[in-house]
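> curious how this folds, go ahead:
(chains A, B, C and D)
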2 protein chains.
Amino acid sequence: MGNVKTDELSKKFKALSHPARLEILELLKDNACICGDIVDVLPLAQATVSQHLKVLKEAGFIFGEESGTKVCYMLNRKALDDFKKEVQLLKI
Amino acid sequence: MGNVKTDELSKKFKALSHPARLEILELLKDNACICGDIVDVLPLAQATVSQHLKVLKEAGFIFGEESGTKVCYMLNRKALDDFKKEVQLLKI
DNA sequence: ACATTTCATCGTACTTTTACGATAGAGATA
DNA sequence: TATCTCTATCGTAAAAGTACGATGAAATGT
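Below is the predicted model of the structure:
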């Protein structure tokens, strides 16, 4: 809508607006996981999980470290804490 | 995804995932507004604003009180505070 | 009574999201 | 080298979201 603040915040909310993505974050909270681990747990195809990971990555909530053919995903703790703080300070 | 907790939370995030809806909440933070007030402020048609209000209402973040032909919308303070708390306590 | 104001809803067009199978590339393994 | 594993991406189909004008219903004003 032109307002930078609400534009950016709404994008973060959007990244969190799918249950699969929240569950991915919960999985990553305890252990870093490779993509395949997540595919094993969620009732979704590999391509779909990969898509969700991309959304979370682009929102800055996770990042992936390549090692061999695998990619190890982990939470971006600071981004999540910043988000929580932002919600807390939200002027609504 | 079957998990009640993440399903419900993701719905709340989705309701907040559009900048216009965040701006509506900001408007309502200071004063309760009739729909027309919001239409005057946002660069959106009346039908579109009405649609956004419906989304926020169904998510429980606002409610509307009819008086005559007008509908006065206001924040659901408790729902917003609960949401903030839920984000705070989120186990990620 | 008639016109006006206010808002929700309908119908519609367009875009985005979600999901999948298939495929390709990059690295490991035999 | 050939094969296998792992994951991103492509292509695609279906569903959901976003936006608008038009319309309708209900209360108010003339």
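> would residue A:73 count as being in a strand?
Yes. Counting by DSSP: H, G, I helix; E, B strand; the rest coil, residue A:73 is part of a strand.
> I figured it was touching residue A:31, is that so?
No. Residue A:73 is beyond contact range of residue A:31, at 10.1 Å (criterion: C-beta atoms under 8 Å). Bear in mind the C-beta positions are built from the backbone N, C-alpha and C, glycine included.
> higher neighbour count, those two?
Taking neighbours as other C-beta atoms under 10 Å in any protein chain shown, residue A:73 and residue A:31 compare with residue A:73 leading, 21 against 9.
> where does the nearest residue to that one once chain neighbours are set aside sit: helix, strand or coil?
Spatially, and ignoring its direct neighbours in sequence, residue A:73 is nearest to residue A:64 (4.8 Å; C-beta to C-beta, 6 or more residues apart in numbering or on different chains). Put simply, residue A:64 is strand when judged by three-state DSSP.
> these two touch, right, residue A:64 and residue A:70?
No. The pair residue A:64 and residue A:70 fails to qualify as a contact (C-beta under 8 Å) at a distance of 9.5 Å.
> more neighbours, those two?
residue A:64 (17 against 13).
> so who does the more buried one touch?
Neighbouring residues of residue A:64 by C-beta atoms under 8 Å, 6 or more residues apart in numbering or on different chains: A:53, A:57, A:71, A:72, A:73, A:74.
> buried subset of those residues, written for PyMOL?
Buried subset of the contacts of residue A:64, written as a PyMOL selection, criterion 16 or more other C-beta atoms under 10 Å in any protein chain shown:
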select buried, chain A and resi 53+71+72+73
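> closest one of the contacts of residue A:64 to DNA strand D?
residue A:71 (4.1 Å; C-beta to the nearest atom of the strand).
> give the contact list for the residue lying closest to residue A:44 once chain neighbours are set aside.
Nearest residue to residue A:44, sequence neighbours excluded (C-beta to C-beta, 6+ apart): residue A:20, at 6.2 Å. Going by C-beta under 8 Å, 6+ apart, residue A:20 touches A:42, A:44, A:48, A:49, A:52, B:1.
> repeat that for 10 Å
By C-beta atoms under 10 Å, 6 or more residues apart in numbering or on different chains, the contact list for residue A:20 reads A:38, A:42-44, A:48-49, A:51-53, A:55-56, B:1, B:3, B:6, B:10.
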